[in-house]
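*Asks:* Show me how the following folds:
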Amino acid sequence: MMKVMKKWMKFIPLATLLVAPIAESQAAESRISILYTNAARDRNGGDPQIRSRLRTRIQVTNRTSRQSRANFSLRVSRTRRIGYNERGLTLLGNLNDLRGGGSTQNESSLRNDALREERDRRSDLVSVITTERGGGGVSNAVGWANTPGFYSATNADFLGNSQNMPHELGHNFNGAHDQAHRLSDGLHTVMWASLQSRWTQHYSNPNIRRSGIVTGTNSRNNAARMRGRDQTNANRF
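*Replies:* Predicted structure coming up:
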């Protein structure tokens, strides 16, 4: 029997014998354009500062997806300052303009900016950063996104918070507040509704642990919801 085994092993590359990786599905990559207003730039100290923060937030979002096995990945197509005039609306109003729900010249300009990114950069997602807040009856809302969908609006004052953009972009991939999970040590996963919560850089997943503590349940599994959306967003164009 040993002679047969040795003869068989001669034809198998050594690397195959030493490494037997667990098969994982490839993360689907979606392209994102990020637009920001003059006011958002000023609130963050200038163009280099806001671009650096946005780059970091996308890196954090990708890391959150990866360690949660949510199976999506974002690549920035372009980050661009736009002439959209903030006029005392809400973030929900900004999101409505981005999606094309308005009719004024200012509203149309934001929609045209989004269409330009989709046409020229073939961006699957478009996010706008403004300094406006609230909306939908939630006075301290710091972002809005269509769920699932392709657009989001985020408040520039919260770009220093590493939960914010992973939360809003998580909505685009079908993440839901009621699927977020409170860990036994009191931390919350990223899709938890309250920004003031103590949180861990995970989307809920009952098969993932943080320091030995499970990060989800069978009924609270945002990662599974997102895996059902990743290919839709990535193959939009």
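
*Asks:* Tell me which residues are up against the longest helix along the chain.
*Replies:* Scanning the chain for the helix with the most residues, using DSSP state H, yields helix 47-68. The contact list for helix 47-68 (Cβ atoms under 8 Å, 6 or more residues apart in numbering) reads 27, 32, 34, 36, 40-41, 44, 70-74, 76, 79, 81, 129, 156, 159-160, 162, 164-166, 169-170, 190, 201-205, 208, 215, 222-223, 226. Placement of C-beta: from N, CA and C, glycine included.

*Asks:* now the most centrally placed residue in the chain, nearest residue through space, not along the chain?
*Replies:* Centroid-nearest residue in the chain: residue 169, 3.0 Å away (criterion: Cα atoms, centre = their mean). Excluding its sequence neighbours, the residue lying closest to residue 169 (Cβ to Cβ, 6 or more residues apart in numbering) is residue 61, at 5.4 Å.

*Asks:* For stretch 147-159, output the C-alpha coordinates as PDB.
*Replies:* Coordinates of each C-alpha in stretch 147-159 appear next as PDB, following Å, rounded to 0.1, in the frame of the first residue of the first chain:
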ATOM      1  CA  THR A 147     -31.700  50.000   0.700                       C
ATOM      2  CA  PRO A 148     -30.800  48.100  -1.300                       C
ATOM      3  CA  GLY A 149     -29.600  50.500  -4.000                       C
ATOM      4  CA  PHE A 150     -26.900  52.600  -5.500                       C
ATOM      5  CA  TYR A 151     -26.900  56.000  -3.700                       C
ATOM      6  CA  SER A 152     -26.100  57.400  -0.300                       C
ATOM      7  CA  ALA A 153     -25.700  60.800   1.400                       C
ATOM      8  CA  THR A 154     -23.400  61.300   4.300                       C
ATOM      9  CA  ASN A 155     -22.800  64.200   6.700                       C
ATOM     10  CA  ALA A 156     -19.200  65.600   6.400                       C
ATOM     11  CA  ASP A 157     -19.000  66.200  10.100                       C
ATOM     12  CA  PHE A 158     -18.900  62.500  10.800                       C
ATOM     13  CA  LEU A 159     -16.200  61.400   8.400                       C
END
